[in-house]
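> sequence first, predicted coordinates after that:
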Amino acid sequence: DTAVSQTPKYLVTQMGNDKSIKCEQNLGHDTMYWYKQDSKKFLKIMFSYNNKELIINETVPNRFSPKSPDKAHLNLHINSLELGDSAVYFCASSPGIDTGELFFGEGSRLTVL
Amino acid sequence: AQSVAQPEDQVNVAEGNPLTVKCTYSVSGNPYLFWYVQYPNRGLQFLLKYITGDNLVKGSYGFEAEFNKSQTSFHLKKPSALVSDSALYFCAVSSPTDSWGKFQFGAGTQVVVTP
């Protein structure tokens, strides 16, 4: 079983569209994250939820809206997609905000045309 | 604010030779330090971490890292590199007293191991 799974793995869409990426973890972790990896492989944190509560909200355009229906799921919705949103988006989880390493999903490659 | 520097974009090493990937950090307070590896088109995989205790930590796939507080470094090492170690390596830092919960990643170092 995949510990942290993201869907879709690949997403190609036009500018101005709205899209969502879903993430689920079966590790029983309390904390989940969204990271963005750009074309130069630089990783930047976007959001973090702990037990469904938003705890980290970096300087991200408000076109990006995370949603955590329960602590095993963290989805990312993006409105009015722009060319600069093209990147690989990684979901990750950890046992808690103060406990150690992150477990990453395989990534969702978003291409905006 | 916390930060991580990986001074080398790429490290080239011959198979069987020692491998070192450098990392320095800056945090206020005690650092939690991590190394991750990313293979092409894959997510990041955890290698090892330093939280407290022995400065030399051992991790997966024969990797180890040494925490040096005075030099604020956490270099990743492997005594004998394999071709399969070729990948992108990330150092990360977190701190309970500085932006807690935000794992700050370095820019990554591409390791190329040649046969």
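Nice, thanks for sending it over. On a predicted model such as this, the values are computed, not experimentally measured, just so you know. Numbering: from 1, shown residues only, chains lettered A, B, ... in the order given.
> for residue A:41, which three-state class applies?
coil (DSSP: H, G, I helix; E, B strand; the rest coil).
> contacts only, for it.
Residue A:41 makes contact with B:38, B:88, B:107, B:108, according to Cβ atoms under 8 Å, 6 or more residues apart in numbering or on different chains. C-beta coordinates here come from the backbone N, C-alpha and C atoms, glycine included.
> again, only this time at 7 Å
Contacts here follow Cβ atoms under 7 Å, 6 or more residues apart in numbering or on different chains; on that basis residue A:41 touches B:88, B:108.
> I'd like the next helix or strand past the strand or helix carrying residue B:47.
According to DSSP states H and E, residue B:47 maps onto strand B:44-50. Proceeding N to C from strand B:44-50, the next assigned helix or strand is strand B:56-58, under DSSP H and E.
> show me what that next one is packed against.
strand B:44-50, strand B:64-68 (3 or more Cβ pairs under 7 Å, 6 or more residues apart in numbering or on different chains; DSSP states H and E).
> TSV please, covering these and showing mean pLDDT.
Formatted as TSV, these follow (pLDDT from 0 to 100):
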stretch	mean pLDDT
strand B:44-50	94
strand B:64-68	96
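> of all these, which lies closest to chain A?
Ranking the helices and strands packed on strand B:56-58 by proximity to chain A (Cβ to the nearest Cβ) places strand B:44-50 first, at 4.4 Å.
> quick check, the residue in chain A closest to chain B?
residue A:104 (3.6 Å).
> quick one, grab the pLDDT at the closest residue to that residue other than its chain neighbours.
In this structure, residue A:104 finds its nearest non-sequential neighbour in residue B:43, 3.6 Å apart by Cβ to Cβ, 6 or more residues apart in numbering or on different chains. We have a pLDDT of 92 for residue B:43.
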